[in-house]
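J.: Any chance you could fold what I've pasted below:
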Amino acid sequence: MGEKTKKKNEDEESIGHFVLDIIIMFAILMGIYYFVFSFFLSNETVSGPSMQPTFENGDRLIAVRHFTPKRNDIVILKAPDQKGALYIKRIIGTPGDMVTSKNDKLYINGKQVAEPYLNNKYERQAHRLGELYTNNFTLKEKVPKNHYFVMGDHRDVSKDSRYFGFVKRSALIGRVVFRYWPFTQWKTF
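T.: Numbers count the residues shown, from 1 in each chain. Below you'll find the predicted structure:
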């Protein structure tokens, strides 16, 4: 009977070690997850139509927090006109740029810039109705140092730099690098 009790105690002890190991492993993995998403990555959900059809309402994204902003980057930013809110927009103008849109053509520093991401059903619908997809505008000044001019891809509904002005570099939270939801729409950017 002594050996049976000893074997039972060893089995209970090994199960206890296994459970403890699982709990410790889980705690370590959660710590790593929170560390990575606090300092390096951002997990965001798209809300609203301003980036359609590139992103739809409810899409889930991963953004890199430390990046050098470049034209056409899709960024998550602190909304300059709504405390605590975040926007997703595309960088159009970088420091020193002069931005103009005329007859649905974008000009940066006087040179026409292609916008293939605007070739979509919303632009075609506006043109069928005889309307501009992007209202004509010319900035009154160049984009200031450490600021950016951002716009949504769904130009006729997007609230962006045309309305709230330039965005400070410090307001840019991250550059979108991956859409993971919906699963059928996985894509890197």
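
J.: Helices of this protein, start to end?
T.: Read by DSSP state H, the chain holds these helices, from start to end of the chain: 2-39, 121-128, 161-164.

J.: Mind listing residues that contact the shortest one?
T.: Helix 161-164 is contacted by residues 79-81, 89, 92-93, 135, 137, 148-151, 167 when judged by CB atoms under 8 Å, 6 or more residues apart in numbering. Heads up, the C-betas are built off the backbone N, CA and C, glycines and all.

J.: what's the answer for the second one, then?
T.: The set of residues that contact helix 121-128 without belonging to it, under CB under 8 Å, 6+ apart, is 52-53, 104, 132-133, 154-156.

J.: Just send the residues you listed back as CSV, with neighbour count too.
T.: Below are these laid out as CSV (neighbours: other CB atoms under 10 Å):
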residue, neighbour count
Gln52, 18
Pro53, 14
Asp104, 17
Leu132, 15
Tyr133, 18
His154, 20
Arg155, 21
Asp156, 15
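
J.: Let me have those in JSON lines, adding distance to Ala126 as columns.
T.: Listed next are these as JSON lines, based on distance: CB to CB, whole Å:
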{"residue": "Gln52", "distance to Ala126": "13"}
{"residue": "Pro53", "distance to Ala126": "14"}
{"residue": "Asp104", "distance to Ala126": "8"}
{"residue": "Leu132", "distance to Ala126": "7"}
{"residue": "Tyr133", "distance to Ala126": "4"}
{"residue": "His154", "distance to Ala126": "10"}
{"residue": "Arg155", "distance to Ala126": "8"}
{"residue": "Asp156", "distance to Ala126": "6"}
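
J.: Many thanks, we can stop here.
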